[in-house]
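**Student:** task: produce atomic coordinates for the following.
(chains A, B, C and D)
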There are 2 protein chains.
Amino acid sequence: MAFLIGQRPFIKLYILHILDQRQSYGLEMISEVKRYLKEEGYTPPQSEIYRGLNELVTAGIIETTHRIKKDHNGSTGDFQEIILYKYTIDGRQKAEMFKREVKLELDRCIGMLKQARKDNFK
Amino acid sequence: MAFLIGQRPFIKLYILHILDQRQSYGLEMISEVKRYLKEEGYTPPQSEIYRGLNELVTAGIIETTHRIKKDHNGSTGDFQEIILYKYTIDGRQKAEMFKREVKLELDRCIGMLKQARKDNFK
DNA sequence: TAATGAACACGCTGTTCATGT
DNA sequence: ACATGAACAGCGTGTTCATTA
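**Tutor:** The predicted model follows:
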């Protein structure tokens, strides 16, 4: 049995949470996750988002709405290509299974850390 | 900033907790830690105890009461050598600093995981 | 057998670098 | 600059193996 939950599934959870509401892309999602967790004293590295996204694609949970151009830059007229992600047809269903597993892990970890606090402090 | 607290400091915390009460040795401590955490669904590997012990020795927090013989085996008359650990002179003081740091990490992790549960479930 | 710990392999993570728009 | 992701390096961890009493 592993010690604590890994960063990967943890971030995937947030990715799915974001995609529950709307399509999004890598850097936007990492920013949002950072916003969620900044107060908790944790800043996930950029790379983790992409790793998580690729794993979710491989798992058939999400897919890439292949390259779509975004708003152009007002001054330069540049177009920025991004990769949008969204659920596959049965993706939400698969995601529920994944979420359930992660929830179990999450609760186990919380219980463990609380126990450690109880055992070793106060 | 790292993601979650590592297994090493986590176990060291329990080692110190045990040594707060009495001297002990490797396998005995790992057994006790397992007892503490079994209900939480976590079984630390044996090796981690030794790694933690060595690090605490290096840090000058504990020291080894060099090899002491233990109870003999009733039937064979064998003697088993063990390595007892205890606090150094200023070990408890140093340990307090370490514990304080770990407590901060512990609380941070709990907060983070709770936040994730709040964000992604219920 | 109990006890210690070395040694190995591997996965995860953080940083940096490369590429393209 | 923004966006993606490959590539590299290093640490932590889990398992196995070796040694000794």
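
**Student:** near chain B at all, stretch A:15-34?
**Tutor:** Yes - if you take CB under 8 Å from any CB of the partner chain as the test, stretch A:15-34 does meet chain B, through A:16-17. Bear in mind the C-beta positions are built from the backbone N, C-alpha and C, glycine included.

**Student:** likewise stretch A:5-12?
**Tutor:** Yes - applying CB under 8 Å from any CB, one finds stretch A:5-12 touching chain B at A:5-7, A:10.

**Student:** mark which of those residues are buried, thanks.
**Tutor:** Among the residues of stretch A:5-12 next to chain B, those buried by neighbour count (16 or more other CB atoms under 10 Å in any protein chain shown) are A:5, A:7, A:10.

**Student:** filter those residues down to just the ones in helices.
**Tutor:** Counting by DSSP state H, those place A:7, A:10 in helices.

**Student:** out of the buried ones among the residues of stretch A:5-12 next to chain B, which is nearest to B:Glu40?
**Tutor:** A:Ile5 (13.1 Å; CB to CB).

**Student:** up against DNA strand C, what does chain A have?
**Tutor:** For chain A, the residues in contact with DNA strand C (CB under 7 Å from any atom of the strand) are A:6-8, A:44-48, A:51, A:78-81.

**Student:** can I get these in a markdown table including secondary structure and pLDDT?
**Tutor:** A markdown table is the format used below for the residues of chain A next to DNA strand C (DSSP: H, G, I helix; E, B strand; the rest coil; pLDDT from 0 to 100):
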| residue | secondary structure | pLDDT |
| --- | --- | --- |
| A:Gly6 | coil | 95 |
| A:Gln7 | helix | 95 |
| A:Arg8 | helix | 95 |
| A:Pro44 | coil | 93 |
| A:Pro45 | coil | 93 |
| A:Gln46 | helix | 94 |
| A:Ser47 | helix | 93 |
| A:Glu48 | helix | 94 |
| A:Arg51 | helix | 95 |
| A:Asp78 | coil | 58 |
| A:Phe79 | coil | 71 |
| A:Gln80 | coil | 74 |
| A:Glu81 | strand | 83 |
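
**Student:** adding distance to B:His17, write those residues out as a markdown table.
**Tutor:** Compiled in a markdown table, the residues of chain A next to DNA strand C are given as follows (distance: CB to CB, whole Å):
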| residue | distance to B:His17 |
| --- | --- |
| A:Gly6 | 26 |
| A:Gln7 | 27 |
| A:Arg8 | 31 |
| A:Pro44 | 31 |
| A:Pro45 | 33 |
| A:Gln46 | 38 |
| A:Ser47 | 37 |
| A:Glu48 | 33 |
| A:Arg51 | 36 |
| A:Asp78 | 59 |
| A:Phe79 | 59 |
| A:Gln80 | 54 |
| A:Glu81 | 55 |
